[in-house]
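Peer 1: next input, structure requested:
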Amino acid sequence: MFMSISTTGTAESPATDLGFLLHKHPGKVQRFGTSHGEAHVFYPAAGDELCTAALLLDIDPIALVRRGRGKGRGGSPDFALAQYVNDRPYAASSLLAVALRTVFRTAMKGVCEARPGLADRPRPLRIALPAVPANGSGEGGGPAMVTRLFEPLGWQVEAVAIPLDESFPEWGESRYVRVELASSTVRLADALQQLYVLLPVLDGAKHYWVAPDEVDKLLAAGEGWLADHPERALIARRYLSRRWSLTRTAMERLELARLAEADDREVEEIDNAVDDTDGPEPGAAHPAATGRAEAGPAEGGPIAAGPAEDGAPSKRPSLAEQRRTAILAALREVGAARVADLGCGQGELIGALLKDSRITEVLGVDVSARALTAAARKLRLERMPERQVARVKLVQGALTYTDTRLKGYDAAVLCEVIEHLDLPRLPALEYAVLGAARPSAVVVTTPNAEYNVRWESLPAGHVRHADHRFEWDRAQFRAWAERVARSYGYTVVIRPVGPEDPDVGPPTQLALFRLGSTAEPAPTEPAPTEAEPTEPAPTETAGATTRADRETIEAAGTTTSDRTTPEGGEPR
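Peer 2: Here you go, the predicted structure:
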């Protein structure tokens with residue numbers, strides 16, 4: 001099994017710098033032990049203008065059988081001699097990928113202490129692989145697959161199918177490809193990481209059992225390039241040997257990384273879903289004061305207690321329950337049958353929607369993979385009858401980007417979502433939902449800041465939850481709702497949710513937007529980011545959200561609640 005890496009240079013930047021990058025001296029032949037044989041590194045050419053490093057992997061067939069699974073290539077007992085007669089000593093596969101990590105571990109990290117800064121700069125590279133298995137398995141193998149995998153990464157690809165027998169061309173082509181890659185924009189460390197991932201992907205099989213830690217290996221090696229690769233689903237599926245549960249996990253984490261990079265945030269800031277159940281009784285310590293992530297009484301606790309007919313105290317429905325009741329009433333009013341719950345969190349509203357037989361389809365969207373997993377668990381999707389499961393779909397996405405999956409719904413719900421966004425990002429959500437998705441109706445609920453004085457457990461000047469970036473009073477919310485309605489051709493009515501205090505109003509306020517019959521075409525760009533004069537400055541807070549992280553949108557395409565993954569995998 002052979003691979004060569006070549007580079008060119010000048011007197012100022014000699015090609016022999018390749019030795020510093022690989023941490024292998026051009027004047028020596030070095031040998032390294034691997035679990036299945038010996039790897040040799042040597043330099044066929046080493047000059048200022050051209051330097052070539054070669055890796056020769058000499059597979060020990062006996063070690064391969066002893067350490068393998070004993071059932072032939074990829075564990076397939078296709079025929080009795082497969083474990084002894086196979087292509088693994090000759091064709092670049094996962095065996096070569098493991099050797100790359102063993103021999104060039106420091107180079108793959110992009111470390112070069114002898115020449116600081118050298119590893120950070122790309123240089124002309126040419127990589128030659130004489131024989132690479134490119135198994136299609138119904139996924140378009142051969143030279144076309146090599147091109148699909150490497151071209152998006154900045155490589156010029158020359159891939160030629162190797163004939164079964166050059167003396168008998170009528171026999172056709174084999175599944176092996178001769179590959180040469182050339183680039184002047186890819187760093188050597190990135191090139192090695194890409195080969196480490198893509199060689200097993202091309203082969204479609206691994207010589208060892210694929211355990212859950214392979215997801216971590218994939219994401220570590222794919223950092224910086226895999227999340228944006230157009231074939232990332234194919235790469236994850238084949239790298240993980242088509243283990244659907246692992247593929248689903250990898251795709252969710254890749255999408256989180258992509259969204260975090262798009263928003264210039266850390267992944268932990270986005271995927272910070274917490275329990276969204278009702279909170280403690282009024283008077284308990286509030287999360288804004290204690291730093292705890294649980295929902296406080298203002299978010300979900302009982303509103304008040306009063307005497308029952310028999311004199312025993314009785315609790316009114318919690319504010320969370322009253323919100324859901326108000327939302328369901330608004331959806332019935334507009335006759336919505338297909339509803340999108342945007343920022344669905346752990347699925348409390350979805351559960352209520354599924355109990356209404358008039359609702360034929362529910363789409364739950366949240367940026368947090370953990371929240372979607374919790375929602376699927378709470379809704380017991382794996383135990384639902386097929387007809388019921390067909391009514392609900394959970395997808396990962398962020399609401400501050402346009403998303404074609406949100407189009408075509410009768411109504412969209414933003415339940416306690418907008419206050420989790422920084423105010424400068426709110427116009428992006430307005431455009432994504434009302435301008436691009438454009439449902440016939442939109443229901444928005446948010447806390448009424450005036451009512452905060454009625455919560456004894458809430459310290460003065462604090463918002464109701466540590467992740468709230470702002471909370472509006474009634475005038476501010478009305479001004480925002482009316483501006484948004486005018487901008488996107490909707491009409492809007494404002495309604496109270498919860499017991500209305502004569503001085504400070506209700507604890508929650510609801511806006512029902514309806515698309516006007518003579519609505520103007522939606523603007524092609526988001527509304528200006530300047531806040532209304534009456535809007536408060538953003539509150540700088542940090543912490544977990546009550547309905548998973550609300551900042552959010554365009555989508556992963558990763559379905560967390562379906563019975564199969566997007567690629568059609570095993571049930572959750």
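Peer 1: how confident was the prediction at the closest residue to residue 432 other than its chain neighbours?
Peer 2: Using Cβ to Cβ, 6 or more residues apart in numbering and skipping the chain neighbours, the partner closest in space to residue 432 is residue 402 (5.0 Å). C-betas here are computed from N, CA, C, even on glycine. The model reports residue 402 with a pLDDT of 89.
Peer 1: first-to-last residue distance for stretch 98-112?
Peer 2: 21 Å (Cα to Cα, to the nearest Å).
Peer 1: right, I mislabeled it, should have said stretch 459-466
Peer 2: End to end - Cα to Cα - stretch 459-466 spans 12 Å.
Peer 1: going by neighbour count, list what's buried in that stretch.
Peer 2: Across stretch 459-466, burial judged by 16 or more other Cβ atoms under 10 Å covers 462, 463, 464, 465, 466.
Peer 1: any idea how many residues pack against residue 124?
Peer 2: Look at residue 124: counted by other Cβ atoms under 10 Å, it has 14 neighbours.
Peer 1: quick one: residues contacting it.
Peer 2: Taking Cβ atoms under 8 Å, 6 or more residues apart in numbering as the criterion, residue 124 is in contact with 7, 8, 182, 183, 184.
Peer 1: got any ranges where the stretch 201-350 of the chain has weak pLDDT?
Peer 2: Within the stretch 201-350 of the chain, the ranges that satisfy pLDDT under 70 run 259-315.
Peer 1: tell me the phi and psi of residue 472?
Peer 2: For residue 472, the backbone dihedrals are phi -100, psi 150 (criterion: degrees, to the nearest 10).
Peer 1: tell me the pLDDT of the nearest residue to it once chain neighbours are set aside.
Peer 2: In space, and not counting its chain neighbours, residue 472 is closest to residue 449: 5.8 Å by Cβ to Cβ, 6+ apart. pLDDT, residue 449: 92.
Peer 1: just confirm residue 449 contacts residue 462, I think it does.
Peer 2: No. Counting by Cβ atoms under 8 Å, residue 449 stays clear of residue 462, with 10.7 Å between them.
Peer 1: so which residues of the stretch 151-300 of the chain form strands?
Peer 2: For the stretch 151-300 of the chain, the strands defined by DSSP state E, counting those that start in this stretch occupy 156-163, 173-183.
Peer 1: dump those strands to JSON lines, plus distance to residue 367, mean pLDDT and mean neighbour count.
Peer 2: Shown next, in JSON lines, are the strands of the stretch 151-300 of the chain (distance: least, Cβ to Cβ, whole Å; pLDDT from 0 to 100; neighbours: other Cβ atoms under 10 Å):
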{"stretch": "strand 156-163", "distance to residue 367": "35", "mean pLDDT": "92", "mean neighbour count": "16"}
{"stretch": "strand 173-183", "distance to residue 367": "34", "mean pLDDT": "92", "mean neighbour count": "19"}
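Peer 1: out of the ones you listed, which is closest to residue 251?
Peer 2: strand 156-163 (25.0 Å; Cβ to Cβ).
Peer 1: out of the buried residues of stretch 459-466, which comes closest to residue 332?
Peer 2: residue 464 (27.9 Å).
Peer 1: over to that closest one. Which of the three states is it?
Peer 2: The three-state label given to residue 464 by DSSP: H, G, I helix; E, B strand; the rest coil is coil.
Peer 1: and for the one 3 residues further on?
Peer 2: When the structure is reduced to helix, strand and coil (three-state DSSP), residue 467 reads as coil.
Peer 1: how about residue 90?
Peer 2: coil.
Peer 1: okay, now the residue nearest to residue 515 when sequence neighbours are not counted: neighbour count?
Peer 2: Leaving aside its sequence neighbours, residue 515 sits nearest to residue 440 (Cβ to Cβ, 6+ apart; 5.0 Å). Counted with other Cβ under 10 Å, the neighbours of residue 440 add up to 16.
Peer 1: next: residue 456.
Peer 2: Residue 456: 10 neighbours (other Cβ under 10 Å).
Peer 1: follow-up on the earlier one: so the residue nearest to residue 515 versus residue 360, what's the distance?
Peer 2: 15 Å (Cβ to Cβ, to the nearest Å).
Peer 1: in contact with the closest residue to residue 225 other than its chain neighbours, which residues?
Peer 2: Spatial nearest neighbour of residue 225, excluding adjacent residues (Cβ to Cβ, 6+ apart): residue 153 at 6.0 Å. Residues near residue 153 by Cβ under 8 Å, 6+ apart: 186, 190, 194, 225, 229.
Peer 1: now rank those by neighbours and give me the top one.
Peer 2: When neighbours are counted by other Cβ under 10 Å, residue 194 leads the contacts of residue 153 with 23 neighbours.
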